Structure formats: C-alpha cells, structure tokens
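Trainee: Any chance you could fold what I've pasted below:
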Amino acid sequence: MPVALTRHFRKAAALKRAGAEYVIATEEQDIVKEVSRLTGGKGARVIFDAVEAPGFARLIASAAIDGMVLVYGVLSKELNALPAIDTLRRRLTIRGFAVPGALEDEAKLAAIKS
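Mentor: Residues are numbered from 1 along each chain as shown. Modelled structure (predicted):
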C-alpha cells in the first residue's frame, strides 16, 4: 500500500492523484503511530527517503522487522545521526541510491528499466 509523507495536509490531494493510497502529514501527525495503524502494527516494509532530515529516526522507528530503507536524496542540509539501536533491533537494510551512478552502470540501468 503506497503511503506518502508530507509536512502538511495541503499537499494530500496531489499525492493521492499521484498514487498514494494514504498520506501522513509529518508536522500534524505522529509518523510511527500512523504507520503502525495502517500496517496493523507491522511497520513499513520499504521506506524511500529523499530528505534524510532529523525526522529520519522516526522513519526508522516506523519500519518493519527486516525492512529496507532506501535513501535516494539529501534535501535537508542538517546533519543526521543513524538511530543505531532501532536499526539493529529491526534488522534493517539501509541502502543509498544515486541516479548518476546507476545510469553509468549498464547492468544497473537494465535492472532499473525492468
């Protein structure tokens, strides 16, 4: 189930038109509680993060056991610490993805296209 996060609900309609089934407004709702509610307490299996802001710890806390967090951008200029305890307890895989690197590697580019 696609869930989009945005700071305020004023973007909710556009995110739903783009395919989000649910929208969580991070400035108005508790991410961890909402993700838990939407997943029946299991947490998010896959998280895509383009911001990598201080809210990153809340994303980690909302992840499922054996989940994956894919960081593909750093829109925030704030330094961020990895929440190691939650990461280890959830046995998370955290991967970085950069478009330029993928586009330069023919095998990776083929995998993205498939």
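Trainee: do you know how far Val23 is from Arg89?
Mentor: Between Val23 and Arg89 the distance is 28 Å, computed by C-beta to C-beta, to the nearest Å. (C-beta placed from N, C-alpha, C; glycine too.)
Trainee: Have a look at those two and say which one is more surrounded.
Mentor: Counted by other C-beta atoms under 10 Å, Val23 and Arg89 do not tie: Val23 has more neighbours, with 19 against 12.
Trainee: Check what pLDDT that one gets.
Mentor: Predicted confidence (pLDDT) for Val23: 96.
Trainee: swap in Gly101?
Mentor: Looking at Gly101, the pLDDT reads 64.
Trainee: is it true that Leu75 lies in a strand?
Mentor: No. Leu75: not assigned to a strand; according to DSSP: H, G, I helix; E, B strand; the rest coil it is coil.
Trainee: What is the neighbour count of it?
Mentor: 9.
Trainee: so who does it touch?
Mentor: 50-53 (C-beta atoms under 8 Å, 6 or more residues apart in numbering).
Trainee: Just the pLDDT at it, thanks.
Mentor: The model's pLDDT for Leu75 equals 73.
Trainee: Over to Leu59?
Mentor: On pLDDT, Leu59 comes in at 92.
Trainee: That one and Val51 touch, don't they?
Mentor: No. Using C-beta atoms under 8 Å, Leu59 is not in contact with Val51; the gap is 9.2 Å.
Trainee: Which one of these two is surrounded by more residues?
Mentor: The residue with more neighbours, out of Leu59 and Val51, is Leu59; 25 against 18, by other C-beta under 10 Å.
Trainee: Excluding residues flanking it in the chain, which one is nearest the more buried one?
Mentor: Nearest non-adjacent residue to Leu59, counting by C-beta to C-beta, 6 or more residues apart in numbering: Ile47, 5.3 Å away.
Trainee: neighbours around that neighbour, how many?
Mentor: 22.
Trainee: Return the distance of the helix or strand hosting it from the chain's centre.
Mentor: Counting by DSSP states H and E, the element that carries Ile47 is strand 44-49. On the basis of C-alpha atoms, centre = their mean, to the nearest Å, strand 44-49 sits 4 Å off its chain's mean C-alpha point.
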